[in-house]
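Visitor: Here is my input; please provide its structure:
(chains A, B, C, D, E and F)
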Protein chains: 4
Amino acid sequence: MSRRPNTEQRRTEIVNALLVAMAEYGYEKATIQLIAQKAGLAPGLLHYHFKTKVEILLELVKTLVDLSLCRYLEFAESAKTPEQKLHAYINARLANGRGADPKAVTAWVVIGAEAVRQPEVRAVYQKAINSELSLIRGLLTECLKEQRKPTKNASRLAAGLLAYMEGAFQLASAAPDAMPSGYAASVAIELVQRYIEGESQKE
Amino acid sequence: MSRRPNTEQRRTEIVNALLVAMAEYGYEKATIQLIAQKAGLAPGLLHYHFKTKVEILLELVKTLVDLSLCRYLEFAESAKTPEQKLHAYINARLANGRGADPKAVTAWVVIGAEAVRQPEVRAVYQKAINSELSLIRGLLTECLKEQRKPTKNASRLAAGLLAYMEGAFQLASAAPDAMPSGYAASVAIELVQRYIEGESQKE
Amino acid sequence: MSRRPNTEQRRTEIVNALLVAMAEYGYEKATIQLIAQKAGLAPGLLHYHFKTKVEILLELVKTLVDLSLCRYLEFAESAKTPEQKLHAYINARLANGRGADPKAVTAWVVIGAEAVRQPEVRAVYQKAINSELSLIRGLLTECLKEQRKPTKNASRLAAGLLAYMEGAFQLASAAPDAMPSGYAASVAIELVQRYIEGESQKE
Amino acid sequence: MSRRPNTEQRRTEIVNALLVAMAEYGYEKATIQLIAQKAGLAPGLLHYHFKTKVEILLELVKTLVDLSLCRYLEFAESAKTPEQKLHAYINARLANGRGADPKAVTAWVVIGAEAVRQPEVRAVYQKAINSELSLIRGLLTECLKEQRKPTKNASRLAAGLLAYMEGAFQLASAAPDAMPSGYAASVAIELVQRYIEGESQKE
DNA sequence: AATGAATGAGCATTCATTCAT
DNA sequence: AATGAATGAATGCTCATTCAT
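Guide: As a prediction, this is how the structure comes out:
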């Protein structure tokens, strides 16, 4: 009798097509026509499944946030100590290889620039940043505690690490050849490790 | 030979207007009309002084690079030791206060996203990144030398510091409320200092 | 022969949904999707029961004409004299209260504007106008005859009364607050009565 | 040096083109392309002189209101008595011949239907209706006073006359062939005259 | 140098209609 | 009968660029 809905699948296809198109052309130049073409769909169909173009972008932000969290959980699966978890996190975010997705990284960079001017995008971006900060702060706090170091600087260090990562994404997307190969994860780990070492012991 | 009465000034006005417009609306939405309005000029005049819109953007990149170098030189004026110079550099880039220009920072972030997709922009952006990397590497190398530490990691550390700064710009532009206030410069200095401290002495 | 289970009912539902949608959004903005939603039906179903959108509109015109005639017959049920019938008619069309349907009135106004440009709509609209004119002319003729007045102006007066009513519909739909409350029926009755009084007696 | 603005002229051209297009196709089908074509201009230019399509419509309303007032003043030029003025008004609005503009009438009808659904249009439409009501009320009040009749019904009668006129416009636009030729002005005058005659003398 | 109107390609979005299920 | 996804032409609007003055 009735036709079976396939909206969820179509929405996913469209969001992925935006990811690809944005990584290549940016948000403005990732036109509905182009996204439709990358998804192999008729342009009109995109507006059947999404009310506006920015709604696709908001969905993409969600998708990337989820993806990023999953990737950490995967990397952290066998991690026991706080330090192992922290390294798992940094590697999940910055290491090349296994499942690293340059297009997703570039899309994230473009989203960051859109967050500058589009309030709706900014809102979800900020939410994502806050979640990430919490996650990092937690990981750092555990490391500091284990080494009997004070945790009062955990927030500031977390902010620093997040900045480092966001910048690494930016540079990987826009000036990869200028950067030493594979620096990102290893330098991050060293910086954080030595920062913690440098903290004076609690009494 | 021929007098060019006010061409240079007009160009500067236009470039500054783009800076302001971009910080607020992004590159695509910073229309010629809008830039002209911000500059207090007629729209047609912009194409008299610049062939295309992207040419204004390229000029803006140059301007920002110059500005940024000047700012460092200003901060470093009284610096004697390598360490003082390094701190001067980091403060010039990341500290709030004197002459900090949030709009320029945001414009730079937007430029970074445009570099992802526009080859012409990418070219000048990469050039700027390379210059900056050289500058940082030099500063770090001096610091390491003075402390009789090996300099072989200077490049990788320089890359890390640059990533950190670019990310700090991004987050300051798109999620300022999420970040601890005034973290950027101080955390950067601590991270680098402890990294250097952590380097094993040369023999 | 073949059973048509619910086709008639569905068609009525759809026509009523168009009535409601048009009163709110006009004809063009009363989209198939919107009509379907107001009718609680799937969009595709509308084109099963009606070939095109304008066909629904034509059906609505018929419905409104029928409705309007029924309303008169209802009001005229207890009317004996020609004057009573005329007043019943005017009240049926213009009086507030019992069964007055502002949405139907507004829909009729919108139909009148569509008749300006759509030949198909214009055809049925004109047919409706002609019927109405005949009806009014008949009522007026009876009144004139009874008062032994000449009937040669009946057509022109009928046209005037019809214009008055159509205008009252228009103003009730688009500028209700500007009009004195409840003026429409009573002023119409007075105008017609005094017009007839003013006619010179037949000899 | 600078180019002379011609905006006022262009705006007038565009508004007139909308008038013509709307009389023929209605508001929705009077597309920007079509209006531009009727005006002999490039489509993009319409949005240079008007921000949106509805803004052209609002300007058209103003134009028609002005036109209608001018036409009355012209007709009333030689009118001395209140009755002459009233007749001048009715003839200015309803009589065929001299300067009668069927397209303007039809455009006004279409505007009336747009007022049903577009708040911005409704606002200016209502304002126009209120002005017109005031004008008519004034004319009727003068007539009543002169004949020493009470003026308490002037408002209701004015509303009735306005309704009559709006309806006459509607029918002239959508069903001209159904109406007796030239009925509108003469019947209106008779109706009003006999209404006033029918008012009981003041004591 | 400067103005501001003009152009036209391109954009997101809408929507009647079709169609496989 | 019914569903709801799919289509694609059309729409209002944007905007870099051009150009007559």
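Visitor: Could you check stretch A:57-66 and say which residues are buried?
Guide: In terms of neighbour count (16 or more other C-beta atoms under 10 Å in any protein chain shown), stretch A:57-66 has its buried residues at A:Leu57, A:Leu58, A:Glu59, A:Leu60, A:Val61, A:Thr63, A:Leu64, A:Val65. C-beta: built from backbone N, CA, C; applies to glycine.
Visitor: is any part of the biggest helix by length in chain A close to chain B?
Guide: If you go by DSSP state H, chain A has its longest helix at helix A:119-146. Yes - counting by C-beta under 8 Å from any C-beta of the partner chain, chain B is contacted by helix A:119-146 at A:Arg122, A:Tyr125, A:Gln126, A:Ile129, A:Asn130, A:Leu133.
Visitor: of these, closest to chain D?
Guide: Chain D lies nearest to A:Arg122 out of those, by C-beta to the nearest C-beta, at 26.5 Å.
Visitor: how about the helices of chain A, start to end?
Guide: In chain order, chain A shows helices spanning A:7-29, A:32-39, A:43-49, A:53-75, A:82-94, A:102-114, A:119-146, A:154-174, A:183-198, with DSSP H as the criterion.
Visitor: how about the ones you listed, which one is nearest D:Tyr25?
Guide: Closest of the helices of chain A to D:Tyr25 is helix A:43-49, at 24.6 Å (criterion: C-beta to C-beta).
Visitor: Give me the residues contacting the closest one.
Guide: A:Thr7, A:Arg10, A:Arg11, A:Ile14, A:Ile32, A:Gln33, A:Ile35, A:Ala36, A:Ala39, A:Lys53, A:Ile56 (C-beta atoms under 8 Å, 6 or more residues apart in numbering or on different chains).
Visitor: ok, now with 10 Å
Guide: With C-beta atoms under 10 Å, 6 or more residues apart in numbering or on different chains as the contact definition, helix A:43-49 has outside contacts at A:6-15, A:17-18, A:31-37, A:39, A:41-42, A:52-53, A:55-56, A:59.
Visitor: A:Arg10 contacts A:Ala36, correct?
Guide: No - judged on C-beta atoms under 10 Å, A:Arg10 makes no contact with A:Ala36 at a distance of 11.2 Å.
Visitor: For A:Tyr183, give me its contacts.
Guide: With contact set as C-beta under 10 Å, 6+ apart, A:Tyr183 has these partners: A:Leu94, A:Ala168, A:Leu171, B:Asn153, B:Ser155, B:Arg156, B:Leu157, B:Ala158, B:Ala159, B:Gly160, B:Ala163.
Visitor: just checking, A:Lys62 touches A:Ala128?
Guide: Yes - assessed by C-beta under 10 Å, A:Lys62 is found in contact with A:Ala128 at 8.7 Å.
Visitor: Report the closest residue of chain A relative to chain C.
Guide: Counting by C-beta to the nearest C-beta, chain A gets nearest chain C through A:Ser2, at 8.2 Å.
Visitor: who's in contact with that residue?
Guide: A:Ser2 makes contacts with C:Ala42, as judged by C-beta under 10 Å, 6+ apart.
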